[in-house]
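K.L.:
For reference, the sequence and a predicted model appear below.
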2 protein chains.
Amino acid sequence: MPNKSDNVYSSLKTIFHEPNRLAIISALSSTSRGLTFKELKEECELTDGNLSRHLKALEEAGVVLIKKKFVGAKPRTTVQLTDKGREGFIEYLQALEEVLKKAAEAISGGEEKVSLPFPRIKPAGA
Amino acid sequence: MPNKSDNVYSSLKTIFHEPNRLAIISALSSTSRGLTFKELKEECELTDGNLSRHLKALEEAGVVLIKKKFVGAKPRTTVQLTDKGREGFIEYLQALEEVLKKAAEAISGGEEKVSLPFPRIKPAGA
């Protein structure tokens, strides 16, 4: 286990880090009512199979809630971010912000510090 | 191939995205003389085997240059970021910044827009 306080990189090792999952969770973050499978698929430009696999992993981790119901004769799948998912995603974004800040400082070579702070991602519930 | 102009998530699918590689490249970004294998290992809290595997992949992609020389009787391995690596990393960081911005806006629910812009990562050579 890393124990140096500044190893923020390990904090990125979450279910959110994979780029397609970032797209899915970011899309879901913008709405409390959730998105349909079709909306998510279009928003994230994923195939049915690929989206299904990611949603299954996210559901198993308690990050999303998947509801199936009939609208008339047609089945409709709706996906919502859970409270746990939202909180976890905010923590992930805070780590990502920190990593970006460190990298931006490193790239600027110490000669010219980037004028941080970045706008802080607000903690869950704030 | 995604062709929607706003699919920035696909831009994260690079050799830099894996958290340990982010740590390695970020550490190398801060110095033009490079870092020794030992320094990198300590800085990134990686095992010899894990660091070696990542460096091999990064070297094959032309992102780092690995030099071995003798200092007295002892071999010393030095790792430097190449110009190509630095440019690629800056592009990656720009995509990451964009993703973070989108996610921060989504999380804030549209009600309260986060006061962006983030400080822009400067283009290579600027």
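P.N.:
On my side now, so go ahead.

K.L.:
isn't A:Thr92 right next to A:Ser11, touching?
P.N.:
Let me fix one detail, which is that residue A:92 is Tyr and not Thr. Yes. Here A:Tyr92 reaches A:Ser11: they are 7.5 Å apart, a contact under C-beta atoms under 8 Å. All C-beta spots, glycine's among them, are computed from the backbone N, C-alpha and C.

K.L.:
higher neighbour count, the two?
P.N.:
A:Tyr92 (21 against 17; other C-beta atoms under 10 Å in any protein chain shown).

K.L.:
ok, and the closest non-adjacent residue to A:Ser26?
P.N.:
Leaving aside its sequence neighbours, A:Ser26 sits nearest to B:Ala103 (C-beta to C-beta, 6 or more residues apart in numbering or on different chains; 4.5 Å).

K.L.:
Taking helix A:83-107 as reference, get the angle to the helix or strand where the one you found lies.
P.N.:
Following DSSP states H and E, the helix or strand that holds B:Ala103 is helix B:83-107. Interaxial angle of helix B:83-107 relative to helix A:83-107 (axes from the mean of the first three to the mean of the last three C-alpha atoms, to 10 degrees): 150 degrees.

K.L.:
Which other helices and strands does helix B:83-107 contact?
P.N.:
helix A:19-29, helix A:83-107, helix B:19-29 (3 or more C-beta pairs under 8 Å, 6 or more residues apart in numbering or on different chains; DSSP states H and E).

K.L.:
ok, 6 Å please
P.N.:
Here helix B:83-107 touches helix A:19-29, helix A:83-107, going by 3 or more C-beta pairs under 6 Å, 6 or more residues apart in numbering or on different chains; DSSP states H and E.

K.L.:
between that helix and helix B:19-29, how big is the angle?
P.N.:
Per the same axes, to 10 degrees, the angle that helix B:83-107 makes with helix B:19-29 is 120 degrees.

K.L.:
distance between helix B:83-107 and the chain's centre?
P.N.:
How far helix B:83-107 lies from its chain's middle: 10 Å, per C-alpha atoms, centre = their mean, to the nearest Å.

K.L.:
next one: stretch A:71-79
P.N.:
25 Å.
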